[in-house]
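Asker: Got a predicted structure here, sequence first:
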Amino acid sequence: MARSALTLAASVTAALPQAAVTGVRPLTEGGGGRFDSAVATLDDGRRVVVRVPTSDEADDELRGEARALKALTAGVRGVLPFGAPDVLGETVVDGRHAVVQTLLPGYRVDAKHVPPGPGVATAIADAIARVHDLPVAVIRDAGLPVRSAAQARDDAERLLDRAEATGELPFGLLRRWSTALGADGLWRFETTVTLGGADPASFVLEDTAAGVPAVTGLLTWGGLGVGDPAVDLHWTASSPMARDDVIATYAERSHRAPDALLTARTRLYAELEFAKWLVHGTAVGSASIIADARELLVSLDAAVRDEPPLATQTISVQDAITAGGRVTPAPGVDTSMQTDAYSPDELALLVDDEHTSAAQPTVPIDLSGWNATMTRLRDTQGHARGPVDTPPDDETDADVDTAAQNALRRWTGTA
């Protein structure tokens, strides 16, 4: 049961003993969720957000979020052109960690509603690039996770192992994903500071005087670390109309070395969300989640059956240059703001011919509303395996099938 506004107001007082609460209202998008949240007005006129976890998993996530926000020193915050919440106080409510932080006003846009062209798409891409350009030392000094490119690949391999072990993974997807994991070139990239799976709903925007959307704040910091920059762009798979603008703008604005296969890894991570859902359902023993994941995986398998291998999806320098030449207007879409207390939509697959062109052959995946906790599920089972053989570019489909089958036998110990 959600905590009452009175209980949340009391937690603000406990976290900020010198402040008096003069008003409080729930902060919600409807339904139950990982946190009970509210906006409280203090006697000095400030408005703050209080967040109380509803589960042990959410409690761990909130502690990580508070730790990451504290790692953002004044110097780091001064480099970023948008705001991040300040942790004003912490307390314990019903045995769980509660945090009071500053409120970042603005509106949010779901991934599936991000329009193409200058505006929301380019503003969010620029904001992500700014985060990725932060010095890695900021993360190391704060003791936050630092993952190498090889470790990112290992994580994906362990996830695939666990998904395959359920017996529910279609062989077509096993072949597609194992081929991507075996493509050494796909995993040669420069690691950056990342948010651990940000999506458009993580950002708050406000319109400038000219009516152009601009990012004014970033809400989600719990996954802050060093890793694969593609993780923070995997949501573009569910924004087919805006994807090219986002990826190209990101490539143009980033100060890091060019990453020709960034697009391929963003798509891989998006597809692997289905595998995470299946593994999660198996781990918690939920027949309904497993059935849902099975249906989604079958649909995905059918949708990508005729697509080229993931490692062929590239972003060129010319793509980045042309990003500034697009002129489609981008009005903001108000989808409420800064709330955790909602039930995210289940992961769904959308195949919409109206929003898919010849230049955009991959089907869109709806990841909007996907539970941020799911994107940070840790691999606690499974085993590491050796690299998968990578077939030459001119190898036939039959040869690729044989390679995938051989990989499967190695994984299952039957080789």
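Answerer: That came in fine, so what should we check first?

Asker: all contacts plus neighbour counts: C-alpha atoms, from now on.
Answerer: Noted.

Asker: Please enumerate the strands of the stretch 51-200 of the chain.
Answerer: With DSSP state E, counting those that start in this stretch, the ranges of strands along the stretch 51-200 of the chain come out as 87-93, 96-102, 192-194.

Asker: Between those strands, which one is closest to A66.
Answerer: Closest approach to A66 among those is made by strand 87-93 (6.7 Å; C-alpha to C-alpha).

Asker: Could you tell me which ranges of the stretch 51-200 of the chain sit under the pLDDT cut-off?
Answerer: For the stretch 51-200 of the chain, applying pLDDT under 70 flags no range at all.

Asker: which one of the strands of the stretch 51-200 of the chain is the most hemmed in?
Answerer: Comparing the strands of the stretch 51-200 of the chain by mean neighbour count (mean count of other C-alpha atoms under 10 Å), strand 192-194 comes out on top with a mean of 26.

Asker: counting contacts, what elements does that strand pack onto?
Answerer: helix 120-132, helix 136-142, strand 225-227 (3 or more C-alpha pairs under 8 Å, 6 or more residues apart in numbering; DSSP states H and E).

Asker: Select, out of those, the one closest to R46.
Answerer: Using C-alpha to C-alpha, these put helix 120-132 closest to R46, at 26.3 Å.

Asker: other SSEs contacting that closest one?
Answerer: strand 192-194, strand 213-218, helix 243-253.

Asker: Can you lay out those as CSV showing distance to Q18?
Answerer: Shown next, in CSV, are the helices and strands packed on helix 120-132 (distance: least, C-alpha to C-alpha, whole Å):
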stretch, distance to Q18
strand 192-194, 36
strand 213-218, 27
helix 243-253, 43
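
Asker: who wins for proximity to P115 among these?
Answerer: Of the helices and strands packed on helix 120-132, nearest to P115 by C-alpha to C-alpha is helix 243-253, at 9.3 Å.

Asker: elements contacting that closest one?
Answerer: Counting contacts by 3+ C-alpha pairs under 8 Å, 6+ apart, helix 243-253 is packed against helix 120-132, helix 317-322.

Asker: Restricting to C-alpha, output the helix or strand following that helix in PDB.
Answerer: Remark: after helix 243-253, the chain's next helix or strand is helix 262-284, criterion DSSP states H and E. Extracted as PDB, the C-alpha positions of helix 262-284 are listed here (Å, rounded to 0.1, in the frame of the first residue of the first chain):
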ATOM      1  CA  LEU A 262      27.800   2.400 -31.800                       C
ATOM      2  CA  THR A 263      24.400   2.000 -33.600                       C
ATOM      3  CA  ALA A 264      24.900  -1.800 -33.700                       C
ATOM      4  CA  ARG A 265      25.500  -2.000 -29.900                       C
ATOM      5  CA  THR A 266      22.600   0.300 -29.100                       C
ATOM      6  CA  ARG A 267      20.300  -2.100 -31.000                       C
ATOM      7  CA  LEU A 268      21.900  -5.200 -29.400                       C
ATOM      8  CA  TYR A 269      21.300  -3.800 -25.900                       C
ATOM      9  CA  ALA A 270      17.700  -2.900 -26.800                       C
ATOM     10  CA  GLU A 271      17.000  -6.400 -28.000                       C
ATOM     11  CA  LEU A 272      18.700  -7.900 -24.900                       C
ATOM     12  CA  GLU A 273      16.100  -6.200 -22.700                       C
ATOM     13  CA  PHE A 274      13.800  -9.100 -23.800                       C
ATOM     14  CA  ALA A 275      16.400 -11.600 -22.600                       C
ATOM     15  CA  LYS A 276      16.600  -9.700 -19.300                       C
ATOM     16  CA  TRP A 277      12.800  -9.900 -18.900                       C
ATOM     17  CA  LEU A 278      13.000 -13.700 -19.500                       C
ATOM     18  CA  VAL A 279      15.900 -14.100 -17.000                       C
ATOM     19  CA  HIS A 280      14.100 -12.000 -14.400                       C
ATOM     20  CA  GLY A 281      10.900 -14.000 -14.700                       C
ATOM     21  CA  THR A 282      12.800 -17.200 -14.300                       C
ATOM     22  CA  ALA A 283      14.800 -15.900 -11.300                       C
ATOM     23  CA  VAL A 284      11.600 -14.800  -9.500                       C
END
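
Asker: Looking only at helix 262-284, what residues are buried by neighbour count?
Answerer: Going by neighbour count (16 or more other C-alpha atoms under 10 Å), the buried part of helix 262-284 is 262-282.

Asker: And stretch 11-26, by the same measure?
Answerer: 11-16, 20-21, 24-26.

Asker: So which of the residues you listed sit within helices?
Answerer: Counting by DSSP state H, the buried residues of stretch 11-26 place 11-15 in helices.

Asker: would you list those residues in CSV and tack on distance to D154?
Answerer: Formatted as CSV, those follow (distance: C-alpha to C-alpha, whole Å):
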residue, distance to D154
S11, 41
V12, 42
T13, 45
A14, 43
A15, 40
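
Asker: of the residues you listed, closest to T41?
Answerer: Of all those, the one with the least separation from T41 (C-alpha to C-alpha) is V12, at 9.9 Å.

Asker: just to revisit the earlier point, looking at the helices and strands packed on strand 192-194, which is closest to L173?
Answerer: strand 225-227 (24.5 Å).

Asker: tell me what that closest one is packed against?
Answerer: In this structure, strand 225-227 makes packing contacts with helix 136-142, strand 192-194, judged by 3+ C-alpha pairs under 8 Å, 6+ apart.

Asker: Using PDB, list the CA coordinates for stretch 98-107.
Answerer: Extracted in PDB, the C-alpha atoms of stretch 98-107 (Å, rounded to 0.1, in the frame of the first residue of the first chain):
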ATOM      1  CA  ALA A  98      14.500   7.700   2.300                       C
ATOM      2  CA  VAL A  99      16.000  10.600   0.400                       C
ATOM      3  CA  VAL A 100      14.900  14.300   0.200                       C
ATOM      4  CA  GLN A 101      16.300  16.100  -2.800                       C
ATOM      5  CA  THR A 102      15.700  19.300  -4.800                       C
ATOM      6  CA  LEU A 103      12.900  19.400  -7.300                       C
ATOM      7  CA  LEU A 104      13.800  19.900 -11.000                       C
ATOM      8  CA  PRO A 105      10.900  21.500 -12.800                       C
ATOM      9  CA  GLY A 106      10.100  20.800 -16.400                       C
ATOM     10  CA  TYR A 107       8.400  18.300 -18.700                       C
END
